[in-house]
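Asks: Provide a 3D model corresponding to the input given below.
(chains A and B)
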Amino acid sequence: MPQRPFIRSIVSGPTVRAWSSTQGLSPTAERSGMTTTIIRTDGIGKTYGTASGEVVALQGVTLEIEKGEITSLLGASGCGKTTFLNVLAGLVPQTTGQAEVGGKPPRPRREVGMMFQSSLLFPWRTAMENILLPAEVMGLPAAESRRRAEALLDLVGLSGWDEKYPWELSGGMQQRVALARVLLPDPDVLLLDEPFGALDEMTRESLDLELTRIASLTDKTVVLVTHSVYEAVMISDRVFVFTPRPGRLAGIVDIPFGRPRDLRTSGTPAFAEKVAEIRDLMAGTE
Amino acid sequence: MTATKGKEQQTTVTPATPRKSFRRRFRGPIGGLILFLVLTGTWQWLTSAEIIHRVILPPPDDVAIAFFATFTEGFFYQHLWVTVQEVLIGFVVGVVLGFSLGALLGSSSLAREICYPYIVAFQGLPKIVLAPIFITAFGFGMMSKVMMAVVISFFPLLINTMSGLMTVDAQSVQLMRSLTASKRDIFWKLSVMHALPSIFAGVKVSLTLALVGAIVGEFVGARAGLGFLLASYSYQLQVDRVWAITMVLAMLGIILFLFIEWVDKKVVFWAKRGISDNVGLA
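Replies: Next comes the predicted model:
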């Protein structure tokens, strides 16, 4: 267990900045040139053995992600981006190459949180009990966790819904609860595997903006897997474009729009240019 | 933010429970009562017209009198108590055994591969044939009946626990792993909870079967119990008493079943709802 206070302070709203677990490294500081690499991979490859022979899912992926950055892994289905995310999470061992998350080889730990395409809320637990699941599993102090969970529920816009069961919530609300759950242990890195991919477009857009707002406030490093060019450009500081079968890194695209963004950002010519640039990059990989 | 929340709230649909009309609401119970009267009437007619002999099927009023007379006799309660004990002990042991073995087989593919042929063989075996063996091995007392109840009742629970544990989705396990959960946490906080609806379905079957096991054991060789009492009345051709005891056994089965059903609803309250959960996201 790291020797840091579980919670800096419990506040909600715009001052949630105080939750940040980073020591003096704000996004602003990063933009002025002070950066720390939090994720570093070198030639990551993954080969699966199947009944019909070996399948190369991922080949030679080398990249670096800075602390506080919001990045996307973009590519068609089956390009190995989810596999790459699972390697970073320590859920799947890589076949070749080296990876480091927060200076250590990947393995499930409190500093790294993962969100999946489905909310994976347990139907036998209320929203509050679902959010508190990480605290139970990790053995975090109960009273503090509870207070933090309440603040998080407020942060994701669901205060007053704590005693509801998952089936009483809409799909978007379920993913908000899942977001609060992943934030409970105050991880530094958020690995998100198409978390809003199955939601309708309007809900997804609002949750994307919500996510970037929360990530900025709490100074999280975000790695989002998506197959939507629009979503990638909308939320990311940088987009990593993957080629399909085997998954390789085709290119890295900087998105210099700054934060916060809103829906108007997507209407600008610069946005359209970035989308076109990425589409060209993806077209060249097929 | 507030705007989004408002939108979300609107899209949440509370399941509507339409008020049923009086006719719709009571048509089941009323129909049931009519069916009961028709069946009893036919029964009365068959016996009074001597189409079926009284020794085989006594008239309903005789059975009713015998039924109430049974409850006035002290020895009846001794027999009832013996059977209830056999059923409950056999059921509890069967449930513990069935859950433990099911948990082992559900979590270890090695254990499954080793035990699978035995499970198939045991499933095919009519377990009633074990009764004479158990009487010889454990005597005429309660022990042999408890053993029968255990052997018959543990099996459905074993199968249901095993299959319930095996249907846990891989994504949820990944989630637990990403939260640094230990195997023990994954088992108790995810797998068992996920399997609970299936486990309870098994428990319901097990309870009914425990009653069957105990009664079969008493038929084959006993000095007490409702099965023993029923067999004795049968030898003495007190057929109205046989029918009365049969009704008592039916009532016992219903009471036990309703109890488990009540516990089931309390514990596995999410089961029906849980299935529809995440449908919109899958």
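
Asks: residues contacting B:I51?
Replies: Counting by C-beta atoms under 8 Å, 6 or more residues apart in numbering or on different chains, B:I51 touches B:W45. C-beta: built from backbone N, CA, C; applies to glycine.

Asks: Three-state assignment for it, please.
Replies: Following DSSP: H, G, I helix; E, B strand; the rest coil, we place B:I51 in the coil state.

Asks: what of A:T47?
Replies: Applying three-state DSSP: A:T47 is strand.

Asks: residue contacts, it?
Replies: By C-beta under 8 Å, 6+ apart, the contact set of A:T47 is A:E54, A:V55, A:V56, A:A57, A:T95.

Asks: beta partners for it?
Replies: Beta-bridge partners recorded for A:T47 (DSSP bridges): A:V56.

Asks: so how far is A:A272 from it?
Replies: As judged by C-beta to C-beta, to the nearest Å, A:T47 and A:A272 stand 38 Å apart.

Asks: after the strand or helix carrying A:L190, next one along is what?
Replies: Per DSSP states H and E: A:L190 is located in strand A:189-193. Following strand A:189-193 in sequence order, the next helix or strand is helix A:201-218 (DSSP H and E).

Asks: ok, how many other residues are close to B:P197?
Replies: Residues within reach of B:P197, counting by other C-beta atoms under 10 Å in any protein chain shown, total 21.

Asks: correction: A:L209
Replies: A:L209, neighbours per other C-beta under 10 Å, totals 19.

Asks: so it sits against A:T265, correct?
Replies: No. Counting by C-beta atoms under 8 Å, A:L209 does not reach A:T265; the two are 9.4 Å apart.

Asks: list the residues that contact both of the two?
Replies: Residues touching both A:L209 and A:T265 (C-beta under 8 Å, 6+ apart) are A:M234.

Asks: which neighbouring elements make contact with the host helix or strand of B:E86?
Replies: Assessed by DSSP H and E, B:E86 sits inside helix B:74-107. Contact here means 3 or more C-beta pairs under 8 Å, 6 or more residues apart in numbering or on different chains; DSSP states H and E; on that basis helix B:74-107 packs against helix B:109-124, helix B:142-166, helix B:192-220, helix B:226-235, helix B:239-267.

Asks: chain center to the following helix or strand past the first one, what's the gap?
Replies: The one in question is helix B:109-124. Counting by DSSP H and E, the next helix or strand C-terminal to helix B:109-124 is helix B:130-138. When distances are taken as C-alpha atoms, centre = their mean, to the nearest Å, helix B:130-138 is centred 24 Å away from the chain's centroid.

Asks: the helices in the stretch 1-150 of chain A, which residues?
Replies: For the stretch 1-150 of chain A, applying DSSP state H, counting those that start in this stretch gives helices covering A:27-31, A:81-89, A:127-131, A:133-138, A:142-155.

Asks: tell me what the third one is packed against?
Replies: For helix A:127-131, the contact count by 3+ C-beta pairs under 8 Å, 6+ apart identifies helix A:142-155, helix A:171-183 as packing neighbours.

Asks: can you tell me the average pLDDT over the last one?
Replies: Going back to what we said before, that points to helix A:171-183. Mean per-residue pLDDT for helix A:171-183: 91.

Asks: identify the farthest-apart pair in the contacts of A:T47.
Replies: With C-beta to C-beta as the measure, no two of the contacts of A:T47 lie farther apart than A:V55 and A:T95, at 11.1 Å.
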